[in-house]
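Engineer: How does the following fold in three dimensions:
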Amino acid sequence: MKKTFLVLWRIWFYILSTIPVLVLFIPLALFLTIPNGYKNLYWIARNIWAPFVLFGMGFWIKRLNSFPEESKSMVLVANHTSYIDIMLMFRMRKTPFVFVGKKELIKIPFFGYLYKRAAITVDRSSLKSRKQVYESARKVILKGYSICIFPEKDYLEEKVLLNSFKKGAFKLAIEHQLPVFPIVFYDCKRKFPWHTDYGYFGILRVKGLNLVKTKGMSEKNIIPLTLRIHNQIKNELMNDPKQVAIKAIRLWESIKH
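Structural biologist: Predicted coordinates:
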């Protein structure tokens, strides 16, 4: 019975995610054809699509601290353990940012059309595609937008608290001398994991860590910066008083054994 509920709950997630895209597809597509139209698309994604899905799934957000002012561009990074992370990230910032995400998502009907034109897509198997990300990001930054990247490698692995980070986000931050804003999502790994074996609705806690300035950093600082941010987020997850992510790992292991 529980398994059936979880499967139906996941199907409901896809239905909720699809409805606003279909209903608003024409204006969203038109926004992407006009200069600075992305701001309008972002507003809809943040204020209509994301809360529609979050509340419809029974989730509500609890920020554990205040976030830095949004007047300047920055690189946002967070742990990535759930599909719901996308909606959660949209609710973190009023001023627009652009996602860097995998190219495979452009295959999704309707959503893929918008995603291809709104996000910076990357084919991780292609060196040329990975290099193109930096040129695309440069254009986005010149428009005054921020960049959002989930830097984990192999993030679908449920048994790992926080997978190692790819260097791309931090190389980008140093190259453009942008501050890095690390964000911790404490509860998504337990409440809405990649797989359908468990999950439940409730509060999603979010904490913003201290802004890390990159002014004066160079290529030699990329790896130390990557490790520094990784350790900060991992320590937050490990020291969570509720131990939610750690409990998720234990539950996953018990299910699979």
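Engineer: what's the single longest helix in the chain?
Structural biologist: The single longest helix within the chain, with elements called by DSSP state H, is helix 2-23.
Engineer: in the stretch 151-257 of the chain, which spans are strands?
Structural biologist: Using DSSP state E, counting those that start in this stretch, the strands of the stretch 151-257 of the chain run over residues 180-185, 202-208.
Engineer: Low-confidence stretches in this protein?
Structural biologist: Where the chain drops to pLDDT under 70, the residues are 124-127, 129, 257.
Engineer: how about the helices in it?
Structural biologist: Secondary structure of the chain by DSSP H: the helices cover 2-23, 25-31, 38-44, 50-56, 84-90, 111-118, 127-142, 168-175, 188-191, 222-238, 244-256.
Engineer: residue contacts, residue 155?
Structural biologist: 80, 81, 163 (C-beta atoms under 8 Å, 6 or more residues apart in numbering). From N, CA and C alone the C-beta is placed, and that goes for glycine too.
Engineer: any idea how far residue 118 is from it?
Structural biologist: Per C-beta to C-beta, to the nearest Å, residue 155 is found 21 Å from residue 118.
Engineer: same deal with residue 31?
Structural biologist: 9 Å.
Engineer: where do the contact lists of the two overlap?
Structural biologist: 38, 41.
Engineer: With neighbour numbers in mind, choose between these two.
Structural biologist: Neighbour totals were compared for residue 31 and residue 118, and residue 31 leads with 21 against 18 (other C-beta atoms under 10 Å).
Engineer: Verify the contact between that one and residue 37 for me.
Structural biologist: Yes - using C-beta atoms under 8 Å, residue 31 makes contact with residue 37 at a distance of 3.8 Å.
Engineer: one step back: please indicate which of the contacts of residue 155 are buried?
Structural biologist: Burial by neighbour count, 16 or more other C-beta atoms under 10 Å: within the contacts of residue 155 this picks out 80, 81, 163.
Engineer: Give me the phi and psi for the residue nearest to residue 94 when sequence neighbours are not counted.
Structural biologist: Among residues not flanking residue 94 along the chain, residue 70 sits closest, at 6.1 Å (C-beta to C-beta, 6 or more residues apart in numbering). Reported as degrees, to the nearest 10, the phi and psi values for residue 70 are phi -100, psi 20.
Engineer: What are the neighbouring residues in contact with the nearest residue to residue 66 once chain neighbours are set aside?
Structural biologist: Closest residue to residue 66 apart from its sequence neighbours, by C-beta to C-beta, 6+ apart: residue 208 at 7.6 Å. Neighbour list for residue 208: 63, 65, 66, 67, 68, 92, 181, 182, 183, 184 [criterion: C-beta under 8 Å, 6+ apart].
Engineer: Now the buried members of those residues.
Structural biologist: Buried members of those, counted by 16+ other C-beta under 10 Å: 92, 181, 182, 183, 184.
Engineer: In this structure the last one contacts residue 77, no?
Structural biologist: Meaning residue 184. No - the criterion here is C-beta under 8 Å, and residue 184 misses it with residue 77 at 10.2 Å.
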